[in-house]
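S.K.: quick one, what's the 3D model for this:
(4 chains)
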2 protein chains.
Amino acid sequence: MNNPGPRNSPRTRRPTLYDVATQAGVSPSLVSLFLKDPGRISKKRRDAVQQAISELGYRPSRAATTLASSRTKSIGLVIDDYRNLWFVDLLRGMESVLSDLGYQVMLADSRPGENRIKEATDGLLAMHVDALVLAAEPSEAMLSGTWVPTVVAGWRNGIPEGADLITNDDDNGGSMAANHLLELGHVRIGHLSGSDGASAHRRAGFLRAVETAGVDPVVSTSAGTSEEDGYAAAVWLLDHHPDTTAVFAANDTMALGAFAALKARGLSVPDDVSVIGYDNSPLAKSRYLDLTSIDNRSDLVGVDAAHRLLARIEDPALLPERKLIEPALVLRGTTSIR
Amino acid sequence: MNNPGPRNSPRTRRPTLYDVATQAGVSPSLVSLFLKDPGRISKKRRDAVQQAISELGYRPSRAATTLASSRTKSIGLVIDDYRNLWFVDLLRGMESVLSDLGYQVMLADSRPGENRIKEATDGLLAMHVDALVLAAEPSEAMLSGTWVPTVVAGWRNGIPEGADLITNDDDNGGSMAANHLLELGHVRIGHLSGSDGASAHRRAGFLRAVETAGVDPVVSTSAGTSEEDGYAAAVWLLDHHPDTTAVFAANDTMALGAFAALKARGLSVPDDVSVIGYDNSPLAKSRYLDLTSIDNRSDLVGVDAAHRLLARIEDPALLPERKLIEPALVLRGTTSIR
DNA sequence: ACGACATTTTGTAGCGCTACAATTTTGCGC
DNA sequence: GCGCAAAATTGTAGCGCTACAAAATGTCGT
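M.R.: As a prediction, the model looks like this:
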């Protein structure tokens, strides 16, 4: 058999647009046109080109397209850690508006502990992403020469000049968490706080609400925001304030750490101690954990970020904008009346 | 006349290698050489180029590099769902060998529920990744014309022709889980199984071990592999076999579902029922959940996959290889003597 | 100071694609 | 069947970079 398909030729070079043009008996320009908008060429040629493409197994070279058109139709998303699942909602939110427009979202994580944020960003920029979403704490080094529309999502410190900012109202969220616990009748409330920017805002909101209610706040701040950090902070809290009846963790992962500390002391949730987390991550949604949490509506942040970037791609002269997304309390099974 | 030079203009086009060359007073070729191997040019020029680069904020265009060299120094990784954290170990394993060699790993997920595996793969291929790791169930559509070295990790069905296969010995892992429970004295063992390829192997291994021990196996298979699926399967199991004293879940997420079902019935882990998961995901490692699990050593799979791909990039004629990685039991707090 | 090398630097020619102007084909009224 | 506008198609000139051969410069022994 004389199969011209790619299946049998083991190491031929990847077919190009010219191969397709030759095969279809048209000019390369026509093929290019087909790729861009098939509706604009005659049915006869359209079919011929389509057939040549599938016969050859042709895929356009993004590199060449990028180089020639200087538009990649792709958006970079820099996150801090794949294990912090809050980015998933952000990503889906972005995709929900970008996919239909033919944009692709590219992910890069900062390799936690190695501070590779700059590398991640550079990698994305080197690929000519049309715009950038920074969902990780921006560092000094990246402030300079970004050249593309950028929105920072979820962080509020060290914003690169000229970047948009769409973030969660963590202050308000902190207050919400505190008020929820206060309304349930708790007065011995401990807060497990982390060290990043978001934590600081959540803490501030918590303190404001608690003090407004005339209750003495207890805050245990740790170095990071991981489960271990949450555990350590909770251990400290329970050691120094054994009468605590409610715990507000700066994120769901830390709440898990609190669970561990409580379990180790034989305290049950929510009967002995109520626990509320933050992020409404898949963890919190888990049927087993069933963790009351604050949803920061990252999906909305994603949607907004996408719209914002599209606008800036259209008109780069747009002035940077700052916007807060209101969080929402998600009631589940880990908080109860005192 | 001559162009004004990008030095002071604030909103100019992105600087190119030519701008750097002009600024540094050398030829473009030299700058290219600098980028490739700074050690090969004289110190004088090296410094000049380096300075020009930082003055201009220059970043090489990956698209141009790709086009000109046809090597992107990047590897694509296709995963099924960002929320299934097992890919993180795989990724880190790959990075541990690839990063030092200057390779970058690019991630794409298949958007669970939308079966976008082909799209994810195509996107990566369009970016000219030098090689591909498929950590998601390969589909028919992608079998044709891949053109780059490919290794499938963690799946064993529908392998594209010519692809390497590095996967976990799920059969053996299933047996390990069963034997662990048998050794603890359990004889009423239920298995919560999923519908994908890996689940099938784990189930087979489980059945083999249990039957060898002369114990009657009970398997509850559900449509997917999510926590809800685990919950449903566990509910069925407890309804039909209330005397069950041990549960082997096909993955950690499903184990979480089992926890939920057990909690709903007031059964405690491990006092009433032992639970063992699979994947040794961050979930299992969690201090709170402390889930005994089978570690499929995805990090090793990642390391092997990376080595394999590098070899195939060097010599594309290499014959496809199939390799199994042995899993390991990780003892934690959710299994105990009957 | 002079060849005979080794080392450093440069010019030339694409990589695969798109933009856009130029050209050819088609459709249509009369 | 003719003229002319609209639609369809093609040619030309890069996009920013690298490979590689050619040229320039440097180093050394005698």
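S.K.: near chain B at all, the helix or strand of chain A with the lowest mean pLDDT?
M.R.: For chain A, counting by mean pLDDT, DSSP states H and E, helix A:117-126 ranks last in confidence among helices and strands (a mean of 82). Yes - Helix A:117-126 is in contact with chain B by Cβ under 8 Å from any Cβ of the partner chain, via A:122-123, A:125-126. C-beta: built from backbone N, CA, C; applies to glycine.
S.K.: for the very next helix or strand once past that helix, packing partners?
M.R.: Using DSSP states H and E, the next helix or strand after helix A:117-126 towards the C-terminus is strand A:131-135. Packed against strand A:131-135, as judged by 3 or more Cβ pairs under 8 Å, 6 or more residues apart in numbering or on different chains; DSSP states H and E, are the following elements: strand A:74-79, helix A:86-98, helix A:117-126, strand A:150-153, helix A:298-314.
S.K.: list the strands paired with strand A:131-135, with their directions.
M.R.: Here strand A:131-135 is paired, per DSSP bridges, with strand A:74-79 (parallel), strand A:150-153 (parallel).
S.K.: adding mean neighbour count and mean pLDDT, write these out as a markdown table.
M.R.: Formatted as a markdown table, these follow (neighbours: other Cβ atoms under 10 Å in any protein chain shown; pLDDT from 0 to 100):
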| stretch | mean neighbour count | mean pLDDT |
| --- | --- | --- |
| strand A:74-79 | 25 | 90 |
| strand A:150-153 | 27 | 89 |
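S.K.: residue B:163 is nearest to which of these?
M.R.: strand A:74-79 (26.3 Å; Cβ to Cβ).
S.K.: touching the closest one from outside, list them.
M.R.: Applying Cβ atoms under 8 Å, 6 or more residues apart in numbering or on different chains, the contact partners of strand A:74-79 are A:87, A:90-91, A:94, A:98, A:103-110, A:117, A:120-121, A:124-125, A:127-136, A:306, A:309.
S.K.: quick revisit: now do the buried residues in the least confident helix or strand of chain A.
M.R.: For helix A:117-126, a neighbour-count test (16 or more other Cβ atoms under 10 Å in any protein chain shown) marks A:117, A:119-126 as buried.
S.K.: which strands and helices sit next to that helix?
M.R.: When contacts are defined as 3+ Cβ pairs under 8 Å, 6+ apart, helix A:117-126 packs onto strand A:74-79, strand A:104-109, strand A:131-135.
S.K.: is any part of it close to DNA strand D?
M.R.: No - taking Cβ under 7 Å from any atom of the strand as the criterion, helix A:117-126 and DNA strand D are apart, separated by no less than 8.9 Å.
S.K.: how distant is that helix from the center of its chain?
M.R.: On the basis of Cα atoms, centre = their mean, to the nearest Å, helix A:117-126 sits 16 Å off its chain's mean C-alpha point.
S.K.: could you check the angle strand A:131-135 makes with it?
M.R.: 160 degrees (axes from the mean of the first three to the mean of the last three Cα atoms, to 10 degrees).
S.K.: sorry, back to before: nearest to residue A:216, of the helices and strands packed on strand A:131-135?
M.R.: Closest approach to residue A:216 among the helices and strands packed on strand A:131-135 is made by helix A:86-98 (30.5 Å; Cβ to Cβ).
S.K.: packing partners for the closest one?
M.R.: strand A:74-79, strand A:104-109, strand A:131-135, helix A:298-314.
S.K.: what's the offset of stretch A:57-75 from the middle of its chain?
M.R.: Stretch A:57-75 has its C-alpha centroid displaced from the chain centroid by 25 Å (Cα atoms, centre = their mean).
S.K.: TSV for the helices and strands packed on helix A:117-126, including distance to residue B:275?
M.R.: As requested, those are exported to TSV (distance: least, Cβ to Cβ, whole Å):
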stretch	distance to residue B:275
strand A:74-79	31
strand A:104-109	31
strand A:131-135	34
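S.K.: partners of residue A:132 in the sheet?
M.R.: Judged by DSSP bridges, the bridge partners of residue A:132 are residue A:76, residue A:150.
S.K.: would you mark the buried spots in whichever strand or helix holds residue A:230?
M.R.: Using DSSP H and E, residue A:230 maps to helix A:227-240. Neighbour counts over helix A:227-240 (16+ other Cβ under 10 Å) mark A:227-238 as buried.
S.K.: center of chain A, which residue is that?
M.R.: Nearest residue to the geometric centre of chain A (Cα atoms, centre = their mean): residue A:87, 2.8 Å.
S.K.: thought that one was touching residue A:135?
M.R.: Yes - under the criterion of Cβ atoms under 8 Å, residue A:87 makes contact with residue A:135 at 5.7 Å.
S.K.: that older thread, most tightly surrounded among the helices and strands packed on helix A:86-98?
M.R.: Highest mean neighbour count among those (mean count of other Cβ atoms under 10 Å in any protein chain shown): strand A:131-135, with a mean of 28.
S.K.: can you list the residues that contact that strand?
M.R.: So strand A:131-135 is contacted by A:75-80, A:87, A:90, A:94, A:121, A:124-125, A:146, A:148-155, A:160, A:163, A:305, A:309, A:312-313 (Cβ under 8 Å, 6+ apart).
S.K.: which bits of chain A sit near DNA strand D?
M.R.: Residues of chain A lying near DNA strand D (Cβ under 7 Å from any atom of the strand): A:26-30, A:33, A:40-42, A:44-45, A:64, A:67-68, A:70.
S.K.: try it again at 10 Å.
M.R.: A:21, A:24-34, A:39-46, A:48-49, A:63-70, A:126, A:128 (Cβ under 10 Å from any atom of the strand).
S.K.: name only those of those residues that count as buried.
M.R.: A:21, A:24, A:26, A:30-34, A:41, A:45-46, A:48-49, A:63-67, A:126, A:128.
S.K.: with adjacent residues omitted, what lies nearest to residue A:277?
M.R.: Sequence neighbours aside, residue A:255 is the residue nearest to residue A:277 in space, at 3.5 Å (criterion: Cβ to Cβ, 6 or more residues apart in numbering or on different chains).
S.K.: for the helices and strands packed on helix A:86-98, which has the smallest mean pLDDT value?
M.R.: Mean pLDDT per stretch puts strand A:104-109 lowest among the helices and strands packed on helix A:86-98, at a mean of 86.
S.K.: so that strand, near chain B or not?
M.R.: Yes - using Cβ under 8 Å from any Cβ, we find that strand A:104-109 touches chain B at A:104, A:106-107.
S.K.: same check, this time on stretch A:221-239
M.R.: Yes - Stretch A:221-239 comes into contact with chain B (Cβ under 8 Å from any Cβ), by way of A:227-228, A:231.
S.K.: how close does residue A:248 sit to residue A:293?
M.R.: Using Cβ to Cβ, to the nearest Å, one obtains 10 Å as the distance from residue A:248 to residue A:293.
S.K.: what does residue A:153 give?
M.R.: Distance from residue A:153 to residue A:293, by Cβ to Cβ: 19 Å.
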